[in-house]
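Trainee: next come a sequence and a model predicted from it.
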Amino acid sequence: MHSPSSASPRSTAARRLADPSRRPARSSYDAVIVGGGHNGLVSAAYLARAGLGVLVLERQDHTGGAAVSAQPFSGHDARLSSYSYLVSLLPKKIVNDLGPTFRTRRRRIASYTPTTVDGRATGLLVEDDEARTRASFRDLTGSDREFDAWQRFYGMTQHVAERVFPTLTAPLPSRAELERLVDDRAAWEALFGRPLGETVEATFSHDLVRGVVLTDALMGAFTHAHDETLLQNRTYLQHVIGNGTGDWNVPVGGMGALTDELTDAAVAAGAEILVGHEVVHIDTDGARAEVHYRSQENEGTVAAAWVLANVAPTTLTRLLDEEPDPAQSAPEGSQLKVNMLLRRLPATPPSEI
Ligand SMILES: Cc1cc2nc3c(=O)[nH]c(=O)nc-3n(C[C@H](O)[C@H](O)[C@H](O)COP(=O)(O)OP(=O)(O)OC[C@H]3O[C@@H](n4cnc5c(N)ncnc54)[C@H](O)[C@@H]3O)c2cc1C
């Protein structure tokens, strides 16, 4: 894991922006965006293309937020994602509209989970090749039952993904509207109606298979399979609906390759981006706002008709000086990544490693 400061912005725009001595060019903007993560950058590009005067204020010395790249192995020109590392939820519409040309690589192998059965080393391989995946399930569980259940379960998930994903670029639907859209009572109940652990236990009988399914529900979130808040269901859906397929692809050059291009797109559209500028306070009467910022070398205020907060809800509450909502805690999660640079992939099949 590398600190954000080891991220190396590569594009012309990203390099040019790393100057904390700059001040906003104007005293008033149509829209001020707090935070230059990828969502702030996409918003800046769209708003500037619509002809609005846009300012992005980013507290770090580079744009990209949690979607940045680093060059962790000295002497090797390998740029890897520092935090966020797989692309799935980026709608094709945004790629088509804003034109980033970053490339992704498909992962043929979704997962391999090693285990031992009666002292024998084995594991569950899930990959693009259906026949090999079926064989791996049979080898582990002794029959086709679990793989058939897997096929039905992910068929249901795919149906939901195809219905839900397009709503990500539309006004937020109500729960009732979403249920109508999903239009499948059993799928709704299984994924939105009850803790996912119950669905998984009713669908699969092998503990390791249950664990593999629940990976998408528990990864990076402090929750458990039977959490009544259904945080695990939301985490699962976030991991399986991407572009209607749930495919997660590896960005060539790391996530920074994408966010550098989004920075370029926002600047090319006319947005102004200041890095090294932290927003410290927002005053608003509900109609207009004053955004107070601070950098290493200066501080000031800009006026805005609209403020977009590309920050955690708790950060916005603090910036507005509002009473914290006791039900709202600062976002937290857990993740450990191990990066390895290999000369070649292991030659032996995973089941024999
Ligand atoms: C370890 C890890 C792994 C992940 N893996 C994946 C993955 O593989 N695929 C995936 O799709 N998602 C992944 N995610 C989630 C993904 O990174 C986030 O959903 C995404 O980065 C959110 O983007 P954002 O633009 O909304 O916010 P952020 O990326 O959080 O950007 C917010 C920006 O606001 C800035 N900011 C905060 N406060 C202020 C302030 N007061 N003034 C000015 N600027 C401020 C921050 O410095 C930051 O640059 C991962 C997240 C983590 C932490």
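Mentor: Good, I have the coordinates. Numbering: from 1, shown residues only.

Trainee: list the buried residues of the strand ranked longest in the chain.
Mentor: If you go by DSSP state E, the chain has its longest strand at strand 299-309. By 16 or more other Cβ atoms under 10 Å, the buried positions in strand 299-309 come out as V302, A304, V307, L308, A309. Where you see a C-beta, it was placed from the backbone N, CA and C, and this is true even at glycine.

Trainee: what about the strands in the stretch 201-350 of the chain?
Mentor: Assigned by DSSP state E, counting those that start in this stretch, the strands in the stretch 201-350 of the chain fall at 250-251, 272-274, 277-284, 289-295, 299-309.

Trainee: count the residues that sit near T167.
Mentor: 14 (other Cβ atoms under 10 Å).

Trainee: residues of stretch 175-183 that come out buried?
Mentor: Buried-residue list, stretch 175-183, by 16+ other Cβ under 10 Å: L178, E179, V182.

Trainee: would TSV of the residues you listed with secondary structure and pLDDT be doable?
Mentor: Listed next are the buried residues of stretch 175-183 as TSV, based on DSSP: H, G, I helix; E, B strand; the rest coil; pLDDT from 0 to 100:
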residue	secondary structure	pLDDT
L178	helix	97
E179	helix	98
V182	helix	97
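
Trainee: restrict these to contacts with the ligand.
Mentor: Among the buried residues of stretch 175-183, none lies close to the ligand by the criterion of Cβ under 6 Å from any ligand atom.

Trainee: which of these sits closest to the ligand?
Mentor: L178 (20.5 Å; Cβ to the nearest ligand atom).

Trainee: isn't that closest one right next to P166, touching?
Mentor: No: counting by Cβ atoms under 8 Å, L178 stays clear of P166, with 11.4 Å between them.

Trainee: does the longest strand of the chain reach the ligand?
Mentor: No: Strand 299-309 does not reach the ligand (Cβ under 6 Å from any ligand atom); its nearest approach is 8.7 Å.

Trainee: now that strand against strand 277-284, angle please.
Mentor: Interaxial angle of strand 299-309 relative to strand 277-284 (axes from the mean of the first three to the mean of the last three Cα atoms, to 10 degrees): 70 degrees.

Trainee: average pLDDT for strand 299-309?
Mentor: Strand 299-309 carries an average pLDDT of 98.

Trainee: for the ligand, give me its nearest residue in the stretch 201-350 of the chain.
Mentor: V279 (3.7 Å).

Trainee: ramachandran angles for the residue lying closest to that residue once chain neighbours are set aside?
Mentor: With sequence-adjacent residues excluded and distances taken as Cβ to Cβ, 6 or more residues apart in numbering, V279 is closest to V34, at 4.6 Å. When read as degrees, to the nearest 10, the backbone of V34 gives phi -90, psi 110.

Trainee: correct me if wrong: V34 contacts V307.
Mentor: Yes: with contact defined as Cβ under 8 Å, V34 reaches V307; the gap is 6.6 Å.

Trainee: tell me which residues are up against the longest helix seen in the chain.
Mentor: Identified as the longest helix of the chain according to DSSP state H is helix 145-164. Helix 145-164 is contacted by residues 133-134, 137-138, 140-141, 178, 181-184, 186-187, 190-191, 203-206, 209, 213, 237, 240-242, 244-246 when judged by Cβ atoms under 8 Å, 6 or more residues apart in numbering.

Trainee: burial check on the residue lying closest to G220 once chain neighbours are set aside, number of neighbours?
Mentor: In space, and not counting its chain neighbours, G220 is closest to G333: 4.5 Å by Cβ to Cβ, 6+ apart. For G333, the count of nearby residues is 10 (other Cβ under 10 Å).

Trainee: give me every residue that touches G333.
Mentor: G333 sits next to G220, A221, F222 when contact means Cβ under 8 Å, 6+ apart.
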